[in-house]
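Visitor: below are the sequence and a predicted model for it; my questions follow.
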Amino acid sequence: MNQIDDNTNNLPVVSLDYWSDFAKELVKFANLKPNGRILDVGTGSGTCLVAATDKLGGNCHCVGIDWNETRVSQARDKFKNIDTITAKFHTMEAINLKFEDNSFDNILCGFIGFGDSYDFEKHQLIDNAKMKEIFRVLKPEGEAAFSTWALQQDIETARGLLQRYLKLRNLKTKNQIDNLHISYSKETLDGFKLIMEDAGFKKIKISEKKFKIGYKSIEEWWETMEIVAWIMRRTLNNDSNKLLDLKKNMLPHGIANFENKGRYTFQKSVIFAYGAK
Ligand SMILES: C[S@@+](CC[C@H](N)C(=O)[O-])C[C@H]1O[C@@H](n2cnc3c(N)ncnc32)[C@H](O)[C@@H]1O
């Protein structure tokens, strides 16, 4: 039996390159203005801007920012050969955008995580400066679209296996095991709506969309989890022997329940949010 809810079979499938799939979804939601100025906050390798320029056939002026210089170089490389488009990339923090007030017609913001703005478990506002900064650089009547995680069942399963392993090998205290970070910013519809309202957004539309991802083998699942479920490496101090020990002891039975027609299938749920200034 698969552990995902009963309707899993009907969920849309995302590929291992799910960032591109979600970028396309985000852009569908974003109401982009042809020939407008678009800012992509936390651009990574520029995936959302690729989806945006595809949709607008290149009729847009794109700016991508990311606080990670390596990601900014990757984005520049990706756009190097797309010569019909003006795209500029800068190393910059979302909380301190070096743009004038009211600069952009559209803002895209995929998966930067707002756990530093709002405690999504305790339902408490922490400091909403990042969302307010995004709002500041949007033009009046400008529109912003966000995507953020609601659930990554594959990563949570990896954390569960790690917790069992730490207990088995007596490597951490119960308290440390119980409080292991989940490896991603898990957010909620209510919390996300609240931080958007607090920043000043109007006409907010927000919804959660469920998808499924299928890994063709245990090995493929594990290789992906070694990267994205970063808490495994961090907790085990990058010790490859311990990671191998974890793998040997916890797999395959640890994910056997997720096997469905030859694929290991997990739910990924994303919150898509839209707001206008
Ligand atoms: C998970 S990636 C997603 C990339 C892309 N937006 C997408 O949807 O595929 C998140 C990116 O946001 C960047 N990021 C996270 N917080 C940021 C911040 N406060 N300021 C600037 N960039 C940030 C990270 O460096 C990373 O490249």
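Guide: That came in fine, so what should we check first?
Visitor: residues near the residue of the stretch 101-250 of the chain at minimum distance from the ligand, how many?
Guide: Of all residues in the stretch 101-250 of the chain, residue 110 sits closest to the ligand, at 2.4 Å by Cβ to the nearest ligand atom. All C-beta atoms are positioned from the backbone trio N, CA, C, and that covers glycine. Residues within reach of residue 110, counting by other Cβ atoms under 10 Å, total 25.
Visitor: residue 120 now?
Guide: Residue 120: 20 neighbours (other Cβ under 10 Å).
Visitor: also residue 55?
Guide: Number of residues near residue 55 (other Cβ under 10 Å) recorded here: 16.
Visitor: cool, and residue 136?
Guide: So residue 136, with other Cβ under 10 Å, has 16 neighbours.
Visitor: pretty sure it belongs to a strand, no?
Guide: No - counting by DSSP: H, G, I helix; E, B strand; the rest coil, one finds residue 136 to be helix, located in no strand.
Visitor: next one: the closest residue to it other than its chain neighbours from residue 122, what distance?
Guide: Using Cβ to Cβ, 6 or more residues apart in numbering and skipping the chain neighbours, the partner closest in space to residue 136 is residue 101 (5.5 Å). Here the criterion is Cβ to Cβ, to the nearest Å. By it, residue 101 lies 32 Å from residue 122.
Visitor: on that earlier part again, the residue of the stretch 101-250 of the chain closest to the ligand contacts residue 49, doesn't it?
Guide: No - using Cβ atoms under 8 Å, residue 110 makes no contact with residue 49, being 10.0 Å away.
Visitor: list residues touching both of these two?
Guide: residue 40 (Cβ atoms under 8 Å, 6 or more residues apart in numbering).
Visitor: contacting residues around residue 178?
Guide: Contacts of residue 178 by Cβ under 8 Å, 6+ apart are residue 163.
Visitor: and the stretch 51-200 of the chain, which residues reach the ligand?
Guide: When proximity is defined by Cβ under 6 Å from any ligand atom, the stretch 51-200 of the chain lies next to the ligand at 66, 67, 68, 71, 93, 94, 95, 110, 111, 112.
Visitor: pLDDT weak spots in the chain?
Guide: 1-7, 83-85 (pLDDT under 70).
Visitor: select the longest helix from it.
Guide: Ranked by residue count and defined by DSSP state H, the top helix of the chain is helix 153-168.
Visitor: now do that helix: distance to the chain's middle.
Guide: Distance of helix 153-168 from the chain centroid (Cα atoms, centre = their mean, to the nearest Å) equals 20 Å.
Visitor: list the buried residues of it.
Guide: 153, 154, 155, 156, 157, 158, 159, 161, 162, 163, 165, 166 (16 or more other Cβ atoms under 10 Å).
Visitor: host element of the closest residue to the second one other than its chain neighbours?
Guide: Leaving aside its sequence neighbours, residue 154 sits nearest to residue 266 (Cβ to Cβ, 6+ apart; 4.0 Å). Following DSSP states H and E, one finds residue 266 within strand 263-276.
Visitor: using CSV, write down the CA coordinates of that strand.
Guide: Provided in CSV are the C-alpha atoms of strand 263-276 (Å, rounded to 0.1, in the frame of the first residue of the first chain):
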residue,chain,number,x,y,z
ARG,A,263,8.2,3.3,-8.9
TYR,A,264,8.9,4.8,-5.5
THR,A,265,6.3,7.5,-5.4
PHE,A,266,6.0,10.4,-3.0
GLN,A,267,3.9,13.5,-2.7
LYS,A,268,5.3,17.0,-3.3
SER,A,269,2.9,19.9,-2.5
VAL,A,270,3.5,23.4,-3.5
ILE,A,271,1.8,26.6,-2.4
PHE,A,272,1.3,29.1,-5.2
ALA,A,273,0.4,32.6,-4.2
TYR,A,274,-0.5,35.7,-6.1
GLY,A,275,-0.9,39.3,-5.0
ALA,A,276,-1.1,42.8,-6.5
